[in-house]
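# take a look and give me a structure for this.
(2 chains)
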Number of protein chains: 2
Amino acid sequence: MQWVKVLGGVVGAAALLGLGIIVGHFAIPKGADSPAPSASASQDLDLKILETVMEQLDANRIRENLRELSKEPHLATSPRDEALVQLLLQRWQDPESGLDSARTTEYEVLLSFPSGEQPNRVDVVNSTGAVLFSCRQSEENVTGEQGGPNVVPPYAAYAPPGTPQGPLVYANQGSEQDFKELQKEAVKLQDSIVLTRYGGVGRGAKAVNAAKYGVAGVLVYTDPKDINDGKSLPNETFPHSWCLPPSGVERGSYFEYFGDPLTPYLPATPSSFRLNSDNASGFPPIPIQPIGFEDARVLLCNLGGKLAPADWQGGLGCDYNLGPGFRLNGIFPEDSQVNVSVHNRLELRNSSNVLGIIRGAVEPDRYVLYGNHRDSWVHGAVDPSTGTAVLLELSRVLGTLLKKGTWRPRRSIVFASWGAEEFGLIGSTEFTEEFFSKLQERAVAYINVDISVFANATLRVQGTPPVQSVVFSAAKQISAPGSSGLSIYGNWIRYYNRSSSVYGLVPSVGTLGAGSDYAPFIHFLGISSMDIAYTYDRSKTSARIYPTYHTAFDTFDYVDKFLDPGFSSHQAVARTAGSVLLRLSDSLFLPLNVSDYSETLRSFLQAAENLRDLLEQHNISFGPLVTAVEKFEGAATSFNQRIATLREGTPDPLQVRMINDQLMLLERTFLNSQAFPEERYYNHVLWAPRTGSVATFPGLSNAYSQAENTGHEPAAWAEVQRQLSIVVAALEGAAATLRPVADL
Amino acid sequence: MQWVKVLGGVVGAAALLGLGIIVGHFAIPKGADSPAPSASASQDLDLKILETVMEQLDANRIRENLRELSKEPHLATSPRDEALVQLLLQRWQDPESGLDSARTTEYEVLLSFPSGEQPNRVDVVNSTGAVLFSCRQSEENVTGEQGGPNVVPPYAAYAPPGTPQGPLVYANQGSEQDFKELQKEAVKLQDSIVLTRYGGVGRGAKAVNAAKYGVAGVLVYTDPKDINDGKSLPNETFPHSWCLPPSGVERGSYFEYFGDPLTPYLPATPSSFRLNSDNASGFPPIPIQPIGFEDARVLLCNLGGKLAPADWQGGLGCDYNLGPGFRLNGIFPEDSQVNVSVHNRLELRNSSNVLGIIRGAVEPDRYVLYGNHRDSWVHGAVDPSTGTAVLLELSRVLGTLLKKGTWRPRRSIVFASWGAEEFGLIGSTEFTEEFFSKLQERAVAYINVDISVFANATLRVQGTPPVQSVVFSAAKQISAPGSSGLSIYGNWIRYYNRSSSVYGLVPSVGTLGAGSDYAPFIHFLGISSMDIAYTYDRSKTSARIYPTYHTAFDTFDYVDKFLDPGFSSHQAVARTAGSVLLRLSDSLFLPLNVSDYSETLRSFLQAAENLRDLLEQHNISFGPLVTAVEKFEGAATSFNQRIATLREGTPDPLQVRMINDQLMLLERTFLNSQAFPEERYYNHVLWAPRTGSVATFPGLSNAYSQAENTGHEPAAWAEVQRQLSIVVAALEGAAATLRPVADL
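Numbering: from 1, shown residues only, chains lettered A, B, ... in the order given. Below is the predicted model of the structure:
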């Protein structure tokens, strides 16, 4: 329209020529270089769209999502879990607010459930076998939501069936150290039942450690000191506060690995090869059963034997003794024993993932993944529905822009709702196995928002170093909930910070373990990953996790009344994760700062320096590690300079693509499938589990620790050398990936 | 200049506007879409350049290269090998005809050499220990080139030192079957020395098989029937013909794996972790030594015992008996024994690769690799210098065009001269370990030209199915040497052909084993690879390989007089490989036809159909394999249609790049590092070694064979199921990679 006006005026030939040039330049796509009809190859992040998305993410809609998602228990593969699959499909296929397409992928996976006919039991029996006391078989129906057939009774998933009986021993957290302590104190463990507290070590590890000492069965409970800041009375706990009621029991998976237990490294299709469940590994070796602290109090406060060490004491209002057996003058005869009856069953079940995609306009073959699991233990309002409520709101806002034709991202976005996470990240792991090649080729990053709100204080992010920059950029531009006037970033830095050698004081981004569905993405596939949530003010609570975690008290009202009234923290997470998602999918240059790995490597190197003399005594030269770290640093710095130079000019689409490939694939260069033959899926040489005490490269730390523990055997030192070489090769490979692509 | 003329005429406003549009469109690069100054993103193969390269590849220059390369023995890491490193560097750094850059990469690798002080010996000794006969310790100096300190005496690299002595037994080719036959014939093998013929099984396997029967030492020789079409007299052999002289001995590596023996999966840098050579695996378990047929005749024609089976007989002009021990009335007392003294030593040596690069103009981050090894056993005129002579001529022609500014390829070209191939593909394997990530991310294809001319009859190509189309395209446009008037393709199809269900009669492309440096590229990294040579008319000779292979008679004159007088076959290989290289580096769309994998998969599936009933009896369902093959076929067909459609239009650079990424990465999708835990570097589920007799997927075939051999144990059938699932997952992943990239 504007052109007509111009043409209507008096214009000379020169002006017409000039105009022609302008029209020719801007209005007509270049021959073979022309972008696809709908897209410009230089499409970059649109700050207005970003702003629109931030505005439209609605706290109340998140609340309504949560109400719907958590209104019934939705244990993996249950009818309600399947109903939620349909809900997700329907939302993502909505003509007004849906995505380009959505589908499910199904896997036949091995889950573990308590028997419907024979409840698991924990009884105190006297010497004649008479039952003196029985632990609850279900939680108290406090709010009307803890009853009913769909509330799965507390159990330890994958614990083997069995009915061991023996004298009770208190084993603190069931760590290796705890059992050594008991042995030192000459407490007889053979054929005993040990009572352990949640915390310290993983669930399954308690049974693994116990079995090494001949323990016959294990109980585990949540101590009020660890979860309720000491509060344990009914009127101090939910629904009167956020604290765990006395009958609350944390359910959980006791499987040591992740992924479907029977199909490691293969997608669990119905026809897939399966291990025989009898010789599948990673299950607890002996029966184990969780109980509430109400019942634990009866057992523990009547225990005999020596007084347990000070740091083994808890919040049950009595002295904790070690046992074995009950004390004189307690409520049970001294020779009473504890009988644990576990009747769990392994079952093959069909579990679904739901996938929804927004096709990228320019680079549809680059995927930014955003996911959360769908399955819960009971109602799962917090875990995982706070995350799914955010996921649905984010997909609604983006879907609406998409359907209106307002926006289409540069890269493809894949939303995912994973199944059977609670049993061991099963849906997400099977997905990475099924789409192994495609994801390794094309996935830019994985954003995980599982529990989106643990508490209202501050953002908390875990991720690999390259995601720090994009999270910071997002968090700086969003207001924190509340009246502080701070940005999410400004608020965050008050709670969790560190002194960076590069940036000064910055919020600290945590590392990724295997606590949620990001694990297969980062450890198995080397995809830059992150987990985003709002969380606690640690000066206000020392709770191990939010108190109703994995119990029947994790309900909508719990969130609505105690965790996030008003849902402003949910909204803050939705905005942060949404902004990160948009930046990753829409920016011309991927907003991953690979040079932020340098700080990590430098800190690992510094920690390793403590081992230098010892290594060199064993003829392991330390120099190549120093050189490799320096090479990485140099390559990363130069690489960032090249990006900066390109940004100043007008880079062509292939130049941008080449840089982005380097950015995307840097994380892959840290994978080595030969590095940890004893582990499952852990290929990332920087983030595999570290059990050694030296805070350096995990393989090196663990091998060094092993060398120390085995009296410095040559084979153990050979493994130290091997691990060092693996790290050096990975760092050299990473540096090579960042160098100018035509350099030799 | 043309524009000025136009502007000089009388033009109206409309014309000026139109002109302006044209100028704006064609003359001014688009902002962010503009190509790099030196390149157009749509740069495609230039047929004129291709023609120029074909014309400039000069037979006489190849001959001169060969003369220089083969004028002295250049055993890996020898001074002459190092001198050739300098020669290559100098050529590739030449200001007139060199590449953009060249450098070496060095590795410290474990090689094996005969002792300089204590020669290896093979003696016949009588019962008192007196030596009755000694085999030659070196070949006869027939042409003046077989003497001198740089001719390494015949030996079996990596054979352990030792001096076993015992009665002699003839064991044919030393296969498992051969030893079973001897056992059936009640020939005592314990503590014997066995004499074997080259062929049938790998070198190292002869010692491995023998050791299982308690054999103390092994001799191996080349039978005139197998190598000389029966000829064995001095005046029938080199320098009178291409046949192997009686004293000629094939050297070789007896290492079972490939790559540096001490650093599997790690680049052999000086500081790298190394296995202790005492517990490194893959070395022959007992001493073994090669001898010439001149000496073998003395031993074998005097052997006692039963007459060997008809197909064990050879060309030495006597009946071959089995032994043990010598015959009555022979030249040795019957109780004479054979003493084998092996004094080989393992040594860590520095071996160099030479790398030269031409930077791609448009996609410098895509690499087409072209390589050959440099090291030989003695002069190595044929092996490997016929290949290196071609390599140098090809790099000269391309380098000259490059330096003149006439041409720069779309993608980067990497030329490589590998070290220590003869010891087990060591230089190339260490290279793939060092640049593992970079190569997996960016390598388009690997072209290997080792021995470029075995004989003058026809082209011979081995490769993965996607390379068939580009080789055919190249071969159709080049004239075959000689006066047939046929193209190389037309000539080829007369010698080696097959009936394709898709194309009808076509030349047959062989599969890739581990015979040269392509092995780590295809098996370890999943890079589409090929090996190109000119070879025999099989109706004219049944020689196992060219007769002087790995002997001191493999000299320049041998090539110049007998193998390729005039060097026209060399030129044909240079043109074919050069055309393939240019097509891969310069074509807009990568000329890899992934749908040619469908034929392979279909044939594997058909072979597997024979197992179907048996599989289903063991509850292994066959349907998923059928479905997976069909899915691949469907995805590949649609993918090719999408390329065809894009070709009709004017695809933008990113659309082309996305397609090319799919083409490049398809081969990677067949990798599974969990598939073959017993193997080293074999990750490709379609091309791993097949020992089973059913010509199907190797893992399936081998597992099935194992199940048969172990009496159908459940664990063996579980492995059959596992292998089937691995193949299904790989094919599903491959199909997924070929589907439209935004499909779920």
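# and residue A:423, which of the three is it?
coil (DSSP: H, G, I helix; E, B strand; the rest coil).
# would you map the helices across the stretch 51-200 of chain A?
Secondary structure of the stretch 51-200 of chain A (DSSP state H, counting those that start in this stretch): helices located at A:59-69, A:79-92, A:176-184.
# and the stretch 251-400 of chain A, which residues reach chain B?
A:263, A:265-267, A:269, A:271-273, A:276, A:355, A:357, A:359-360, A:362-365 (Cβ under 8 Å from any Cβ of the partner chain). Glycine gets a C-beta too; all of them are placed from N, C-alpha and C.
# which of the helices of the stretch 51-200 of chain A is buried the deepest?
With neighbours taken as mean count of other Cβ atoms under 10 Å in any protein chain shown, the helices of the stretch 51-200 of chain A reach their highest mean count in helix A:59-69, at a mean of 20.
# a strand runs through residue A:512, doesn't it?
No - counting by three-state DSSP, residue A:512 falls outside a strand, being coil.
# ok, it - how many residues close by?
The tally of other residues near residue A:512 (other Cβ atoms under 10 Å in any protein chain shown) stands at 22.
# before we move on, what about residue A:680?
Residue A:680 has 16 neighbours, counted by other Cβ under 10 Å.
# now do the SS call for it.
Applying three-state DSSP: residue A:680 is coil.
# so the closest residue to it other than its chain neighbours is in which element?
Spatial nearest neighbour of residue A:680, chain neighbours left out: residue A:257 (4.6 Å); criterion: Cβ to Cβ, 6 or more residues apart in numbering or on different chains. Using DSSP states H and E, residue A:257 sits within no helix or strand.
# now do the contacts for residue A:257.
Contacts for residue A:257 (Cβ atoms under 8 Å, 6 or more residues apart in numbering or on different chains) come out as A:264, A:281-282, A:424, A:680-681.
# list just the nearest of those residues to chain B.
The nearest member of the contacts of residue A:257 to chain B, counting by Cβ to the nearest Cβ, is residue A:264 at 8.1 Å.
# hang on, the earlier thing: put the buried members of the contacts of residue A:257 into a PyMOL selection.
Restricted to buried positions by 16 or more other Cβ atoms under 10 Å in any protein chain shown, the PyMOL selection for those reads:
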select buried, chain A and resi 264+282+424+680+681
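# circling back to that earlier point, can I get the helices of the stretch 51-200 of chain A in CSV including mean pLDDT and distance to chain B?
Output for the helices of the stretch 51-200 of chain A, formatted as CSV (pLDDT from 0 to 100; distance: least, Cβ to the nearest Cβ, whole Å):
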stretch, mean pLDDT, distance to chain B
helix A:59-69, 98, 23
helix A:79-92, 98, 11
helix A:176-184, 98, 29
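# as TSV, those with distance to residue B:305 would be great.
Formatted as TSV, those follow (distance: least, Cβ to Cβ, whole Å):
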stretch	distance to residue B:305
helix A:59-69	83
helix A:79-92	75
helix A:176-184	65
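# the ones you listed: which one's closest to residue B:244?
Of all these, it is helix A:176-184 that lies closest to residue B:244, at 66.6 Å by Cβ to Cβ.
# okay, now residue A:711: neighbour count?
For residue A:711, the count of nearby residues is 7 (other Cβ under 10 Å).
# typo on my end, it should be residue A:585
So residue A:585, with other Cβ under 10 Å, has 27 neighbours.
# right, is whatever helix or strand it lives in up against chain B?
Residue A:585 belongs to helix A:568-586 when assigned by DSSP H and E. No - figure legend: helix A:568-586 not in contact with chain B (Cβ under 8 Å from any Cβ); closest approach 12.5 Å.
# I'd like the next helix or strand past that helix.
Next along from helix A:568-586, by DSSP H and E: helix A:597-609.
# that following helix: what's the following helix or strand?
With elements assigned by DSSP H and E, the helix or strand that comes after helix A:597-609 is helix A:612-617.
# spatially central residue in chain A, please.
Centroid-nearest residue in chain A, with Cα atoms, centre = their mean: residue A:516, separated by 2.7 Å.
# and the closest residue to that residue other than its chain neighbours, helix, strand or coil?
Leaving out its chain neighbours, the residue that sits closest to residue A:516 by Cβ to Cβ, 6+ apart is residue A:450, at 4.3 Å. Following three-state DSSP, residue A:450 is assigned to coil.
# confirm for me that residue A:450 is in contact with residue A:512.
No - under the criterion of Cβ atoms under 8 Å, residue A:450 makes no contact with residue A:512, lying 12.0 Å away.
# overlap of the contact sets of the two?
residue A:531.
# if we can go back for a sec, and the residue nearest to residue A:516, what is it in contact with?
Counting by Cβ under 8 Å, 6+ apart, residue A:450 touches A:372-373, A:383-384, A:387, A:421, A:515-517, A:531, A:533.
# for the residue of the stretch 201-350 of chain A found nearest chain B, give me its contacts.
Nearest residue of the stretch 201-350 of chain A to chain B, counting by Cβ to the nearest Cβ: residue A:273, 3.9 Å away. Contact analysis of residue A:273 by Cβ under 8 Å, 6+ apart lists A:263, A:266, B:718, B:721-722, B:724-726.
# just the ones of those in helices?
Under the assignment DSSP state H, those contribute B:718, B:721-722, B:724-726 to helices.
# can I get those residues in JSON lines with neighbour count?
Compiled in JSON lines, those are given as follows (neighbours: other Cβ atoms under 10 Å in any protein chain shown):
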{"residue": "B:718", "neighbour count": "19"}
{"residue": "B:721", "neighbour count": "20"}
{"residue": "B:722", "neighbour count": "23"}
{"residue": "B:724", "neighbour count": "27"}
{"residue": "B:725", "neighbour count": "24"}
{"residue": "B:726", "neighbour count": "23"}
